[in-house]
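Undergrad: return atomic coordinates for the entry below.
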Amino acid sequence: MIRLKRPLDWQRRLLPFFLSFLVITWGDARAQRPDSVKQHLADLHAKYESHTLSDTAYLKGVDSITPLLYNDDSLEQQLDLFRQIAFAHKAYGKYRVAYYRHLAYSAIARNKYGSAIYYSEKNNEESVRVGIFEKSELLRSELFAISVYDLNKDYARVFSQYNTLRPRLLALAGRIPAGKDSQVGVSIAFSILDIMADAAFRSGDIIKLNEAVLLCERMLDSLRKQPEKYRKYMIFYDFIYHGVSFLRESYWKHDVRARGLLDSAIREVRSKEFVGGDQASYSYDKYTNAFVFYFDRHQKDSARHYLDLVRDLSLGPYENLNIKLPFLLENGSRLEAIEGKYEAAYRDLRRAYDKKDSAFYSVSADKDNNLYALAKEENMHNELIRSQEEKRRAERFNNLFFFIFGLLMIGSVAVFLIYRSRQQQRLLNLRLNLARNFHDEIGPMLLYANTLAKKEAETNPSPMVEELKAQILRIMEAVRGISHDLKTSEMGTVQTFYKEICNLLEKIRASTEIDFTAKMNNGVRILSHVQYTNLRKIVDELITNSIKHAECSFITIDIKAMEQRLQVNYSDNGKGMSPGRQAAGIGLQNIQERVQSLNGDFQLHNAWPKGYSIDISIPLL
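TA: Numbers count the residues shown, from 1 in each chain. Reported below is the predicted structural model:
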């Protein structure tokens, strides 16, 4: 921004950030005198000590009136109890943030910018810790620090701080279209570019000044891809962009463009929709820009117009900071000198330089304050080291305890697993012995009984003997199934049966182009070896019949495992079974016999010549 021969420029430049750095709720307390505020604090303290006031009520009461003591050097002592309570419990995070906020604002009010930067950084650290700010966002303390460097004309540190923040600013421009950053975070980014542009303009670094303009344009392009989220702050973003562009055009002495950009910025800061910074302070900033711009171009009437606007502008509760007076005195004297009012010009200029000397003393005194802030930070750092050492001791003890406890747990689990493995091995050996006994002892007996039944059938055939042979065969089949189930640790399930059938049908479809559909539910139900083997043979026979005799093109199988029974529904779209073949088919008889051996039900639904379906139902284990 244009600055030529302007006293106390640091006050004018810092004002927007001074007012927007922290939000103050003045309420009805503005009318109280400092003495009455201190008395109110003492009353709150007494009530708290007498246990008639809760922690939260005390913290809330002190927080509400502390802004009225920002000019008091004893504020930190006044907040000692507030600090003890706020830092004693994790739930009071917002009051820890408030504690550092009050100290930072008090330091600003008393021109102690070293302490202000320190406390603002602590404020933001605590804000990140309690979740008010995202860790990845640009913080107000960074904005405040770079602003103070600019005010002290330490442009090397301004650019150094900017270079540190530059990767985050570039990353922010890339993240904006995704809407991941807050409106306030983006506002801080624009404000940092505004400060850097100011330093670049003053130091004559046109490369840095042009970079600020281009980065503003890049962010604005990204912001317009998220119009709804950032709509509220768009006027503020445009305001900063026009202000930075005004500096660049002024540097190049493009007066027409510069005037247009300045008019745009003034129009935006006067808008009722201006959100993102203190409107009065930014208006003050732009009016002073306009005064210097027109005065340097010998447009006295326009310069006086903006000087009058500065004089009439109300800064609210900050009017008593005397920010406007030095500017009005010096620049009013310049106008008076042009008009030939030399005596009045000299008087106003003398008063302005008295203010300038006072400000210079405050800034010089702040060097000692910087050392104080650094010493205080070192002391707090040492306290933090001590507390961290105690924390590390506790952590080492906890780690040792949990290590031993973990070893015990691992040992217990290992012992349990070894014991379980041995038990499983014993059970497996028992099952193998049982299977061997079934096969080696009961098998020969049944084979001998089957031989006797065959001889008896040859010499004395009768229905009773045939039934005996059939029963012996069933018992032999059952013994083989039980032996198989005892030997294997894997049990057949409805799902494995279903998968085998589907695999078979897939192969048939690939070779014969006969399509199929298959359904299954409750696949975890267990099937014995006898059930599994017989069902597989039954379905294989049904599929064989469909391929050889039915001339079908589509097979449907539905396997349903219900609470106590397994139901298999099989059908095809072939010609069905002719009445003669239905009665005489050997394959069909084998299927019926296998279903009977499983104690199941068999139903044939023949719709010859339009296909057939079979329903099989067996009891589950």
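Undergrad: what residue of this structure is the furthest out?
TA: Most distant residue from the mean C-alpha position of the chain: T459, 88.9 Å away (CA atoms, centre = their mean).
Undergrad: ranges for the strands of this protein?
TA: Ranges of strands in the chain, per DSSP state E, are 492-493, 515-521, 526-527, 554-561, 565-572, 601-606, 612-619.
Undergrad: just to revisit the earlier point, mind checking pLDDT for the residue farthest from the centre of the chain?
TA: Listed pLDDT for T459 reads 83.
Undergrad: next one: it from R202, what distance?
TA: Applying CB to CB, to the nearest Å, the value for T459 to R202 is 128 Å. (C-beta placed from N, C-alpha, C; glycine too.)
Undergrad: sorry, back to before: and of the strands of the chain, who's closest to R101?
TA: strand 515-521 (64.3 Å; CB to CB).
Undergrad: quick one: buried residues of that closest one?
TA: Using 16 or more other CB atoms under 10 Å as the test for burial, strand 515-521 gives 516, 520.
Undergrad: which secondary element of this protein has the worst mean pLDDT?
TA: The helix or strand of the chain with the poorest confidence is helix 9-20; it has a mean of 49 (mean pLDDT, DSSP states H and E).
Undergrad: where along the stretch 51-200 of the chain do the helices fall?
TA: Along the stretch 51-200 of the chain, counting by DSSP state H, counting those that start in this stretch, helices occupy 55-65, 75-78, 80-86, 93-109, 113-130, 140-151, 155-175, 183-203.
Undergrad: mean pLDDT added to those helices, as a markdown table?
TA: Output for the helices of the stretch 51-200 of the chain, formatted as a markdown table (pLDDT from 0 to 100):
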| stretch | mean pLDDT |
| --- | --- |
| helix 55-65 | 91 |
| helix 75-78 | 87 |
| helix 80-86 | 90 |
| helix 93-109 | 85 |
| helix 113-130 | 76 |
| helix 140-151 | 74 |
| helix 155-175 | 88 |
| helix 183-203 | 89 |
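Undergrad: mean neighbour count and distance to V213 added to those, as TSV?
TA: Output for the helices of the stretch 51-200 of the chain, formatted as TSV (neighbours: other CB atoms under 10 Å; distance: least, CB to CB, whole Å):
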stretch	mean neighbour count	distance to V213
helix 55-65	17	41
helix 75-78	15	41
helix 80-86	17	43
helix 93-109	23	29
helix 113-130	22	27
helix 140-151	24	17
helix 155-175	17	13
helix 183-203	23	7
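Undergrad: reformat the ones you listed as JSON lines; add distance to V479.
TA: Putting the helices of the stretch 51-200 of the chain into JSON lines (distance: least, CB to CB, whole Å) gives the following:
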{"stretch": "helix 55-65", "distance to V479": "80"}
{"stretch": "helix 75-78", "distance to V479": "94"}
{"stretch": "helix 80-86", "distance to V479": "82"}
{"stretch": "helix 93-109", "distance to V479": "75"}
{"stretch": "helix 113-130", "distance to V479": "74"}
{"stretch": "helix 140-151", "distance to V479": "85"}
{"stretch": "helix 155-175", "distance to V479": "74"}
{"stretch": "helix 183-203", "distance to V479": "79"}
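Undergrad: looking at these, which is nearest to A212?
TA: helix 183-203 (3.9 Å).
Undergrad: for stretch 105-121, the distance to its chain's centre please.
TA: 33 Å (CA atoms, centre = their mean, to the nearest Å).
Undergrad: end-to-end on it?
TA: One end of stretch 105-121 to the other measures 12 Å (CA to CA, to the nearest Å).
Undergrad: do stretch 330-347 as well
TA: Start-to-end, stretch 330-347 (CA to CA) is 10 Å.
Undergrad: would you map the helices across the stretch 401-550 of the chain?
TA: For the stretch 401-550 of the chain, the helices defined by DSSP H, counting those that start in this stretch occupy 443-459, 463-487, 494-512, 529-545.
Undergrad: state the mean pLDDT of the second one.
TA: Taken as a whole, helix 463-487 has a mean pLDDT of 72.
Undergrad: please apply the same query to the third one.
TA: Mean pLDDT, computed over helix 494-512, is 89.
Undergrad: deepest of the helices of the stretch 401-550 of the chain, which one?
TA: Greatest average neighbour count among those goes to helix 529-545 (a mean of 19), per mean count of other CB atoms under 10 Å.
Undergrad: can you get me the start-to-end distance on stretch 47-61?
TA: 11 Å.
Undergrad: go on, stretch 596-612?
TA: Counting by CA to CA, you get 21 Å between the two ends of stretch 596-612.
Undergrad: what does it rub up against?
TA: Stretch 596-612 has contacts (CB atoms under 8 Å, 6 or more residues apart in numbering) with 474, 477, 530-531, 534-535, 550, 552, 571-579, 582, 588, 591-592, 595, 613-619.
Undergrad: give me the buried positions along that stretch.
TA: 597-598, 600, 602, 606, 611-612.
Undergrad: try stretch 199-215
TA: So for stretch 199-215, counting by 16+ other CB under 10 Å, buried means 199-202, 205, 208-213, 215.
Undergrad: mind checking how far F397 is from T496?
TA: 54 Å.
Undergrad: quick one: mean pLDDT over stretch 561-576.
TA: Averaged across stretch 561-576, pLDDT comes to 89.
Undergrad: can you give me the end-to-end span of it?
TA: Rule used - CA to CA; the end-to-end distance of stretch 561-576 is 27 Å.
Undergrad: again, but for stretch 195-210
TA: 13 Å.
Undergrad: need the residues that contact that stretch.
TA: 1, 3, 13, 143, 146-147, 149-150, 153, 155, 158-159, 162, 212-213, 243-244, 247-248, 250-251.
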